[in-house]
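K.L.:
quick one, what's the 3D model for this:
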Amino acid sequence: MENLFDTIDTPDKKDEEYLPSAKINWNTEKYNNKLANMSQSILAINNGKGPDVLGMCEVETEIALKDLCKKLATSGQAYKYVFYEGLDERGIDVALIYKTSALKLKKGHSYMIDPASIGGDHTRNILLASLTTPKGESLHVIVNHFPSRREGQTESEFKRIAVASKLKNICDSINSASHNANIVLMGDFNDHPNDKSMAETLSGKQSIEETTVKDFYNPFWKLHVNGIGSHKYKGEWGVLDQILVSEHLSKSKKGLRYADNSAQVIKHDFLLETEEKYKGNPKRTFAGSKYLNGYSDHLPVSIDLLLQ
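P.N.:
Numbering: from 1, shown residues only. Below is the predicted model:
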């Protein structure tokens, strides 16, 4: 969502950058533009119908999420949301929305990350939504926003490994309670598929054939190898945003299953810069303090699940 902040000052959040009094003058008009832009981006997924379930990063408050769902509803798509306030120092959280026509929520849960495990920082919680399909099959969707690389990839790697370890423990608990669990991991992992947190800690495999129980198939590994990315840094595309599926989803021949070769980075023209110098880059809301009225510095990613 790239900084989906409301315009209200929340005392316990460091949200002063996104207030009417801030340098960028984050006001009602810009907020409404942001909601309209993100709604357009969401509804363009899934051949214009919007996704059945969507994990989000960088949502400030439940107010902002409610307003976004209201905006989506004006286009005839009814979504409910799952959201918990976390302890991230900037006040940004993960969230999830799902189509009420496609899925029902059984339960939601938020897992805090122990600050001591990541050097004393406060980071985003891990969000679990356990959903059911109309045929009664369970789907566990886990939304993540791993610690950033701000201090350098190598220097900050231990933080992402620590959060990945917590995530793996959550998945192991689900697998212990439910044989052949359908689990989807998604989010901005701030690491590539071949980095340690993804390939080793989470056991994200490059091919379906490699996966065994407790492993995950990471279809975005193939995109990474081919230089396709969702985020551009210093002129290089990287696929920091990924969706992984449990072994059962990757190999199942009936019920819910992953649709082969469906992983993609969504690059609609309207999401990209047209100015010659930055042409083809994700079109952001701001470039520094310059208002661009864009979308996000990350492009959406998606996969298809088949229900047979």
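K.L.:
just the endpoints, please. Distance across stretch 201-216?
P.N.:
11 Å (CA to CA, to the nearest Å).
K.L.:
run through who's touching that stretch.
P.N.:
The contact list for stretch 201-216 (CB atoms under 8 Å, 6 or more residues apart in numbering) reads 161, 164-165, 167-168, 171-172, 175, 183, 185, 193, 198, 217-218, 221-222, 242, 244-247, 250-251. Where C-beta positions appear, they are placed from N, C-alpha and C, glycine not excepted.
K.L.:
mind giving me the ChimeraX command for buried ones among those?
P.N.:
Of these, the buried ones go into a single ChimeraX selection, burial set by 16 or more other CB atoms under 10 Å:
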select :161,164,167,168,171,175,183,185,193,198,217,218,221,242,244,245,246,247,250,251
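K.L.:
so of the contacts of stretch 201-216, which ones are in strands?
P.N.:
The strands, defined by DSSP state E, take in 183, 185, 217, 242, 244-246 from the contacts of stretch 201-216.
K.L.:
which phi and psi does residue 75 have?
P.N.:
Dihedral angles phi and psi of residue 75 (degrees, to the nearest 10) take the values phi -100, psi 10.
K.L.:
please verify my assumption that it contacts residue 39.
P.N.:
Yes. Counting by CB atoms under 8 Å, residue 39 is a contact partner of residue 75 at 7.0 Å.
K.L.:
any stretches of the protein with poor pLDDT?
P.N.:
Within the chain, no range satisfies pLDDT under 70.
K.L.:
just the helices in it please.
P.N.:
Assigned by DSSP state H, the helices in the chain fall at 28-43, 62-73, 153-177, 196, 220-225, 247-251.
K.L.:
ranking those helices by burial, who's on top?
P.N.:
Stretch with highest mean neighbour count among the helices of the chain: helix 247-251 (a mean of 21; mean count of other CB atoms under 10 Å).
K.L.:
list the buried residues for stretch 279-289?
P.N.:
Quick answer for stretch 279-289 (16+ other CB under 10 Å): 281-286.
K.L.:
what do you get for stretch 294-303?
P.N.:
Neighbour count says stretch 294-303 has 294-301, 303 buried, by 16+ other CB under 10 Å.
K.L.:
so which of these belong to strands?
P.N.:
Checked against DSSP E, these include these in strands: residue 301.
K.L.:
could I get the buried residues of stretch 294-303 as TSV with distance to residue 45?
P.N.:
As requested, the buried residues of stretch 294-303 are exported to TSV (distance: CB to CB, whole Å):
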residue	distance to residue 45
294	17
295	13
296	13
297	18
298	14
299	11
300	6
301	10
303	11
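K.L.:
which one of the buried residues of stretch 294-303 sits closest to residue 141?
P.N.:
residue 303 (11.5 Å; CB to CB).
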